[in-house]
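Chemist: model the structure of this input:
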Amino acid sequence: MDSLFAREAGEVENAFLAAPFEADGWNAALRLFARRTGSSRAQLLGLGDDATLFNFMPDIDAAYQREFLEIEGWRPEVNWRVAASGRPMEILSEAHYDIARQHSGTDDYEEHIRKWDGVHGCQTVLVEGEGLLVGLASLRSERDGRTGQRDRKLFAAGATYALAAVRMQQAMAQRGAAMTVGAFDAIGVAAFLIDRRAAVAALSAAAEAIVGEGTGGVLRLRRGRLGAARRDADTALQAALGRALNGEAMQQHWIGSQLEGGGGLLCEIFRLPRREWDFGFDPRVLVVARCAADIPAMRTVPLRAALGLTEAESEIALRLANGEAREDIAAGRGTSAQTLGTQIKSILRKSDVGREAELTALVNRLLR
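Modeler: Numbering: from 1, shown residues only. Take a look at the predicted model:
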């Protein structure tokens, strides 16, 4: 029996340690882990920021995931498995579930897990901290029955290898972030990689110079987060980063105005594609910042020709692209805010764009 256990534990070890490097490695490892622990399925679950970051379970119907989110299965008052969570690497099983069930405030998870045939099993916390919890579980059906001592022993052995694999995946994500900013370093671009918590995961040397103490710039790093020096600008920047984290693909955001002295910065904010197995570690947003050097006024001529604008409209479009605020443009032209708003609407219509940010991006592409 000891030799069989050692062989099966070795198979689980090899599968988990290969998982970060193979295309379907995590699915293969979880399938093998389920078989070796006598379970129907194995699950890797990530919780963070009061929501589910990922819920990996090979060969499960997509309806399982939808139902889990619908019942808010990440909440401990709903899910007795989450409520039973112990210390990192502490193995919990049915005896702990029996206690947690008595304090569950709803039957939603009980109905959900019985429908999907996973009422028994084991679980443990692999990673906990910084707003992230990664847990490993084996799910057993009524037919599989409750776990035995050998099942729990093999689960405990497998959990140590799963933790090593998750840490390896995390290290690879961090190395990927470093390689990304290294590429921007090579061309002298100020780039910031933002993680799921809106913290700066990595930044290029040029970006570090922009936010360094004593630079007098418009961007700052505060407690590991990217922000603007001025409060109103910071509010707008945080809103733009929030939109990117929530899925907006690309934005152009001005920090500062050309009329304030010292120039402004154009921040291009990109939502990065999600990788299937990132476990919440990979960067989510890329911010590229560059100085907003003035576009020469003489370039209104090609702008008028390209977009069919009047002389006044081309001047306004140019000043918007140079980062000037509406009130500054209106004051400089001696017009009211209402008149300027009407002119901008005409510019947007002629340029076939829907928003001022899109117009700014268009003018910059045409003239810079």
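Chemist: how about low-confidence regions in the chain?
Modeler: Where the chain drops to pLDDT under 70, the residues are 1, 49-50, 212-216, 256-264, 292-299, 365, 367-368.
Chemist: okay, now the domains of it?
Modeler: If you go by automatic domain parsing, the domain ranges for the chain are 2-171, 187-284, 297-367.
Chemist: now tabulate these in CSV and tack on mean neighbour count.
Modeler: Backbone N, C-alpha and C define where each C-beta goes, glycine included. Shown next, in CSV, are these (neighbours: other C-beta atoms under 10 Å):
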stretch, mean neighbour count
domain 2-171, 18
domain 187-284, 17
domain 297-367, 16
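Chemist: for these, give me TSV that also has distance to residue 178.
Modeler: Shown next, in TSV, are the domains of the chain (distance: least, C-beta to C-beta, whole Å):
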stretch	distance to residue 178
domain 2-171	10
domain 187-284	6
domain 297-367	29
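Chemist: gap between stretch 352-367 and the chain center?
Modeler: 27 Å (C-alpha atoms, centre = their mean, to the nearest Å).
Chemist: ok, and what's touching that stretch?
Modeler: 251-254, 266, 295, 299, 302-303, 306, 317-318, 320-321, 344, 347-348, 351 (C-beta atoms under 8 Å, 6 or more residues apart in numbering).
Chemist: quick one: which of those residues sit in helices?
Modeler: 302, 303, 306, 317, 318, 320, 321, 344, 347, 348, 351 (DSSP state H).
Chemist: look up how far residue 166 lies from residue 132.
Modeler: Counting by C-beta to C-beta, to the nearest Å, the gap from residue 132 to residue 166 is 11 Å.
Chemist: report the two of the ones in helices among the contacts of stretch 352-367 separated the most.
Modeler: 302 and 344 (20.0 Å; C-beta to C-beta).
Chemist: list of residues touching stretch 124-131?
Modeler: Residues from elsewhere that reach stretch 124-131, judged by C-beta under 8 Å, 6+ apart: 48-49, 85-92, 133-137, 155-156, 159, 162-163, 166-167, 197.
Chemist: if we go to 6 Å?
Modeler: Residues outside stretch 124-131 that contact it (C-beta atoms under 6 Å, 6 or more residues apart in numbering): 48-49, 85, 88-89, 91, 134-136, 159, 163, 166, 197.
Chemist: so in this protein, which helix runs the longest?
Modeler: What stands out as the longest helix in the chain, according to DSSP H, is helix 149-186.
Chemist: from the chain's centroid, how far away is the next helix or strand after that helix?
Modeler: Once helix 149-186 ends, the next helix or strand along the chain (criterion: DSSP states H and E) is strand 190-194. Chain-centre distance of strand 190-194: 14 Å, with C-alpha atoms, centre = their mean.
Chemist: any idea which helix or strand comes after strand 190-194?
Modeler: Toward the C-terminal end, the helix or strand that comes next after strand 190-194 (DSSP H and E) is strand 200-203.
Chemist: how far does that next one sit from the chain's center?
Modeler: For strand 200-203, the distance to the chain centre is 13 Å (C-alpha atoms, centre = their mean).
Chemist: strands paired with that strand, and their directions?
Modeler: Strand 200-203 pairs in its sheet with strand 190-194 (antiparallel), by DSSP bridges.
Chemist: run through the strands of the stretch 251-368 of the chain in chain order.
Modeler: 265-271, 285-291 (DSSP state E, counting those that start in this stretch).
Chemist: those: which one's closest to residue 334?
Modeler: Residue 334 lies closest to strand 265-271 among those, at 27.0 Å (C-beta to C-beta).
Chemist: give me the angle between the closest one and strand 190-194.
Modeler: Relative orientation of strand 265-271 versus strand 190-194 (axes from the mean of the first three to the mean of the last three C-alpha atoms, to 10 degrees): 40 degrees.
Chemist: and residue 219, what does it touch?
Modeler: 210, 211.
Chemist: who's it bridged to?
Modeler: residue 228.
Chemist: if I look at it, how far off is residue 100?
Modeler: Residue 219 is 47 Å from residue 100, by C-beta to C-beta.
Chemist: just residue 172 next, same as before
Modeler: Counting by C-beta to C-beta, the gap from residue 172 to residue 100 is 34 Å.
Chemist: again, but for residue 268
Modeler: Residue 268 is 48 Å from residue 100, by C-beta to C-beta.
Chemist: coming back round to it: which among the contacts of stretch 124-131 gets closest to residue 284?
Modeler: The nearest member of the contacts of stretch 124-131 to residue 284, counting by C-beta to C-beta, is residue 197 at 9.0 Å.
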